[in-house]
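Enquirer: With the sequence up front, the predicted model follows.
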There are 2 protein chains.
Amino acid sequence: MQDAGNYRDPRPRVRLTGMHVNIFTECNPSPQLEGLWRWPGEYPDAGEPPYTSLSYWTGLAQQLERACIDAVFFADVLGVYDIYGGSWASAAREAVQLPSIDPVPLIPAMAAVTSKLGFAVTYSTTHNPPYLCARLFSTLDHLTGGRIAWNIVTSFLASAEADGLGAYLDHDQRYDRADEYLDVVRALWEDSWEDGAVLRDAAGSGYSDPARIHQIDHDGPWFQVRGPHQCEPSPQRTPVLYQAGASGRGLTFAASNAEVVFVTLADARSGAKKVREIRQRICDLGRDPAAVKILQGMPVLLAESRAEAEARSELYVRMRSREGLLTKWCGWTGIDLAGYPADTPIDQIKTNGARTPLDFIRSSDPDRDWVVDDVRRVVTTEYRPLRGGRWMLFGTAREVADQMERWMTVSGVDGFNLIPCPPISGVRDICELLVPELQRRGLFRTAYADDEPTLRERYFGAGAKVMARQPGSVR
Amino acid sequence: MQDAGNYRDPRPRVRLTGMHVNIFTECNPSPQLEGLWRWPGEYPDAGEPPYTSLSYWTGLAQQLERACIDAVFFADVLGVYDIYGGSWASAAREAVQLPSIDPVPLIPAMAAVTSKLGFAVTYSTTHNPPYLCARLFSTLDHLTGGRIAWNIVTSFLASAEADGLGAYLDHDQRYDRADEYLDVVRALWEDSWEDGAVLRDAAGSGYSDPARIHQIDHDGPWFQVRGPHQCEPSPQRTPVLYQAGASGRGLTFAASNAEVVFVTLADARSGAKKVREIRQRICDLGRDPAAVKILQGMPVLLAESRAEAEARSELYVRMRSREGLLTKWCGWTGIDLAGYPADTPIDQIKTNGARTPLDFIRSSDPDRDWVVDDVRRVVTTEYRPLRGGRWMLFGTAREVADQMERWMTVSGVDGFNLIPCPPISGVRDICELLVPELQRRGLFRTAYADDEPTLRERYFGAGAKVMARQPGSVR
């Protein structure tokens, strides 16, 4: 493990070579962008849908590896969005992460047809015992040869409690529990089996040396786990730790633990402040800010010409689902926008205490007398890419490459978690139109480096190990 | 679903065509047979061990599919064997399911290189919420195109409690809980999404019709699960249900729920009684005994000649691990045979109430004054295959085929769950020596049938659906 040091300088390191590019996906009909399963020609009318088809996923992996993509990133959710209209009916109609399947079992199948592509998968600390989490990620790290990353999430859907997945905790409790969870799994990965514990000595002392295998004997407020870990050490031991935490407590968690922080900044200029804040927090916790990569998640809609771009922009706006956007926003915020007359002042909207989403919307025009219908309009108004939409990369490959250069330079992020738009042919567009343009500019690798056998080494250089956890640095 | 009926005749149906053959494995260095990782030439001295290597598992799948094997069966355990000597040290030395990895993520990778082979995987009702279990098996059934079976187990290792995997329950409580667990997951699989619920109607009503998707609103003593299920219906909906239950409560559970019962009968003649008992129990519960397959699990050691068979028999006895056998027996029974002087009468051995394992050993010579050392000797005495060992198929392909014919005829089982011995080259021996001999005799298929797209249909014929659960039949 690397030693912790004292780092005072959180300057964004602008590096226009070595951009990191992930492809964001979800195992459902319309990853992230509600309504786009309707995009003409994307989905078959009958037969198996792509997201449940193994050959779709193995083909995707090969396509991404040919384009030298860093990793495929799987978002996930447990439970259903059932706030809007007090029901999951709109989620079912608009395929808002319903139906969906478990992303984890896909990964070894995709690893079997590739040798370099990384896999970052969402797995919740809320519903799975840490002992099983440790076993699962050791398994995935073994089977992928050290190409696995864990996107650490704390599940937020109250509906999951109704499905018997454990008591709903408030935001800060979830992170306290997640902190201890991470202590447990890291101890199982790093401290249970010494490097020399596996002997495979058929003639002599046996398979493993128990003197070099240790229980972890964790006894905390949330978890009691004795150990030892059930798995022998895998190439990375600890998977690359991803985290998306924007709020205060989540940001501290990310700055303390994450090796890759996934952000969704609204625009590059205001985002620069957030990036500096994350790096400063990392410094403050005694970590090297260079040991953390920050990736901006955003949709990308590519076209081969200006004319086609204009047509696709119009189609995009038409395809996005108004009901789907409301379903997800209400699910995320816990606020039912269907539950009020249109002219209800927003101060009368019931929330579970967190008014941030409403305050954020109000801040765009503080003097207006905001009513419920205004909020609904904002939530469902899709930025038109043509008219300078902010949270989207849009245009020809040259235009999008320009936008990405600007994002890197202005905001200081290390790369992108690209959300393909539309979900299937958009991947082809990224690989065949955008990546070659980035490569021509020297912004993106043209081959994977030979001395980076693991995903962690792709991010942090040959021989990189996970940083030691700082006792007391967080809690 | 098939209707339940009244079945009075539990006669074993002896069918010498249509034998079912699975290959039993575990994701650890020495599946089931302690010590055999030492078999000369089986395991590399250095480098990655086969069980953590993806290419080993995909190669195995292709090998088994070429031999028309029904399914690969994955056993599994959570926690460690820590009873013998009060420690898991012997388990580590002898690689008694320590280390091991999670079998589930292997399955889609093995499915991607095959099209007919089935996959039966062990998954515990003890540590995983039923909502997640349902999502996982729907995912596996989608990705394998309907080739998945679930070996339902209730975890028995007290050490798992020390690892934070839930309170240790006694045997009958575990089965009560498992019964309700099965109610929940079957409701999610069968009753939540109607057949016509998925529309994929881009122009019109949306992806799914919420009016044809239902919550299950389960509210029982162990589980509260609202639903709806997160996944759209998969080819089999419910995975083929496997269960290995030999004891009274376990047998009732198996007879009520299982479609394939996995037994380990000590010999064919006495086993016939057990097989009749299982089929009678199935009848008594109103199920058609033809709707349940019974598979005998046993090791197979093949040789190309009599002379080679004799040499391999000697090697087998030498390779088996005495300490490993003690570790597993003590782990299974909860009795620490290392904790007593050799001459302690066995009545003084402490048990957690269940004296069955000791009584079983004593029954072989009831008049003897049994002491601890006698029990240790029995547990570690490997039957020499050459001298008529019972719980093993052994010899040339012709001899083993003879033994299998006799097993089918005498005991009435429908087939086998073969444990390859030694673990790696033993698979090749089964596929290349034994299967051709069975095929020559007309005992085993020479090709997979075209009209059996799912694993359930391979067992029960074209169009087979899971049998409806009988309300009140069990509890």
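Expert: Okay, I see it.
Enquirer: helix or strand right after the helix or strand hosting residue A:439?
Expert: Secondary structure from DSSP states H and E places residue A:439 in helix A:435-440. The helix or strand immediately downstream of helix A:435-440 is helix A:455-460, counting by DSSP H and E.
Enquirer: Kindly export that following helix (C-alpha atoms) in PDB.
Expert: Written as PDB, here are the backbone C-alpha positions of helix A:455-460 (Å, rounded to 0.1, in the frame of the first residue of the first chain):
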ATOM      1  CA  LEU A 455      -7.400  -1.600 -14.000                       C
ATOM      2  CA  ARG A 456      -5.800   0.200 -11.000                       C
ATOM      3  CA  GLU A 457      -2.500   0.400 -12.900                       C
ATOM      4  CA  ARG A 458      -4.300   1.900 -15.900                       C
ATOM      5  CA  TYR A 459      -5.300   4.800 -13.700                       C
ATOM      6  CA  PHE A 460      -2.300   5.100 -11.400                       C
END
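Enquirer: Is it positioned near chain B?
Expert: No. Applying C-beta under 8 Å from any C-beta of the partner chain, one finds helix A:455-460 separated from chain B by no less than 15.7 Å. Just so you know, the C-beta spots here come from the backbone N, C-alpha and C atoms, and that holds for glycine as well.
Enquirer: for that helix, packing partners?
Expert: Judged by 3 or more C-beta pairs under 8 Å, 6 or more residues apart in numbering or on different chains; DSSP states H and E, helix A:455-460 is in contact with strand A:118-124, strand A:240-243.
Enquirer: now for the helix holding residue A:439, which elements pack on it?
Expert: Helix A:435-440 packs on helix A:397-411, going by 3+ C-beta pairs under 8 Å, 6+ apart.
Enquirer: still on that earlier bit, which residues sit against the helix holding residue A:439?
Expert: Applying C-beta atoms under 8 Å, 6 or more residues apart in numbering or on different chains, the external contacts of helix A:435-440 come out as A:19, A:21, A:67-69, A:397-398, A:400-401, A:404, A:444-446.
Enquirer: can you pick the most crowded of those?
Expert: Using other C-beta atoms under 10 Å in any protein chain shown as the neighbour test, the contacts of helix A:435-440 are led by residue A:404, with 28 neighbours.
Enquirer: Let me see the contact set for that one.
Expert: Residue A:404 neighbours (C-beta under 8 Å, 6+ apart): A:19, A:393, A:416, A:438, A:443.
Enquirer: Go again with 6 Å.
Expert: Shown in contact with residue A:404 (C-beta atoms under 6 Å, 6 or more residues apart in numbering or on different chains): no residues.
Enquirer: what do you get for residue A:81?
Expert: Per C-beta under 6 Å, 6+ apart, neighbours of residue A:81: A:91, A:96, A:327, A:331.
Enquirer: again, only this time at 8 Å
Expert: Taking C-beta under 8 Å, 6+ apart, we find residue A:81 in contact with A:88, A:90, A:91, A:96, A:97, A:98, A:157, A:159, A:327, A:328, A:330, A:331.
Enquirer: So the first one sits against residue B:210, correct?
Expert: Yes. Using C-beta atoms under 8 Å, residue A:88 makes contact with residue B:210 at a distance of 7.2 Å.
Enquirer: To what extent is residue A:451 buried, counted in neighbours?
Expert: Quick note: residue A:451 (other C-beta under 10 Å) scores 8 neighbours.
Enquirer: That should have said residue A:373, apologies.
Expert: So residue A:373, with other C-beta under 10 Å, has 15 neighbours.
Enquirer: ok, residue A:88 and residue B:210, which is more surrounded?
Expert: Neighbour count, other C-beta under 10 Å: between residue A:88 and residue B:210, residue A:88 has more, with 25 against 18.
Enquirer: And the more buried one, how far from residue A:153?
Expert: 20 Å (C-beta to C-beta, to the nearest Å).
Enquirer: And the average pLDDT for the helix holding residue A:439 is what?
Expert: For helix A:435-440, mean pLDDT rounds to 97.
Enquirer: Now do residue A:333 against residue A:356, distance only.
Expert: For residue A:333 relative to residue A:356 (C-beta to C-beta), the value is 8 Å.
Enquirer: okay, the two: which has more neighbours?
Expert: Neighbours per residue (other C-beta under 10 Å) separate residue A:333 from residue A:356, with residue A:333 holding more: 20 against 11.
Enquirer: Who are the contact partners of the residue nearest to the more buried one when sequence neighbours are not counted?
Expert: Spatial nearest neighbour of residue A:333, chain neighbours left out: residue A:357 (4.3 Å); criterion: C-beta to C-beta, 6 or more residues apart in numbering or on different chains. Residues in contact with residue A:357 (C-beta under 8 Å, 6+ apart) are A:329, A:332, A:333, A:335.
Enquirer: Tell me which helix or strand residue A:357 sits in.
Expert: helix A:356-362.
Enquirer: what's the following helix or strand after that helix?
Expert: Following helix A:356-362 toward the C-terminus (DSSP H and E): helix A:372-380.
Enquirer: tell me which residues of that next one are tucked away?
Expert: Of the residues in helix A:372-380, those buried by neighbour count under the rule 16 or more other C-beta atoms under 10 Å in any protein chain shown are A:372, A:374, A:375, A:376, A:379, A:380.
Enquirer: Next: stretch A:431-445.
Expert: Per 16+ other C-beta under 10 Å, stretch A:431-445 contains these buried residues: A:431, A:433, A:434, A:435, A:437, A:438, A:439, A:441, A:443, A:444, A:445.
Enquirer: what number of residues lie near residue A:396?
Expert: Around residue A:396 there are 18 residues (other C-beta under 10 Å).
Enquirer: Surely it and residue A:300 touch.
Expert: No. The pair residue A:396 / residue A:300 is not scored as a contact, 11.7 Å apart, by C-beta under 8 Å.
Enquirer: quick one, phi psi at residue A:224?
Expert: When read as degrees, to the nearest 10, the backbone of residue A:224 gives phi -120, psi 120.
Enquirer: same for the lengthiest strand in chain A, what does it pack against?
Expert: Counting residues, the longest strand in chain A under DSSP state E turns out to be strand A:293-303. If you count contacts as 3+ C-beta pairs under 8 Å, 6+ apart, strand A:293-303 packs onto strand A:20-26, strand A:260-263, helix A:268-284, helix A:306-319, strand A:393-396, helix A:397-411, strand A:415-421, helix A:425-429.
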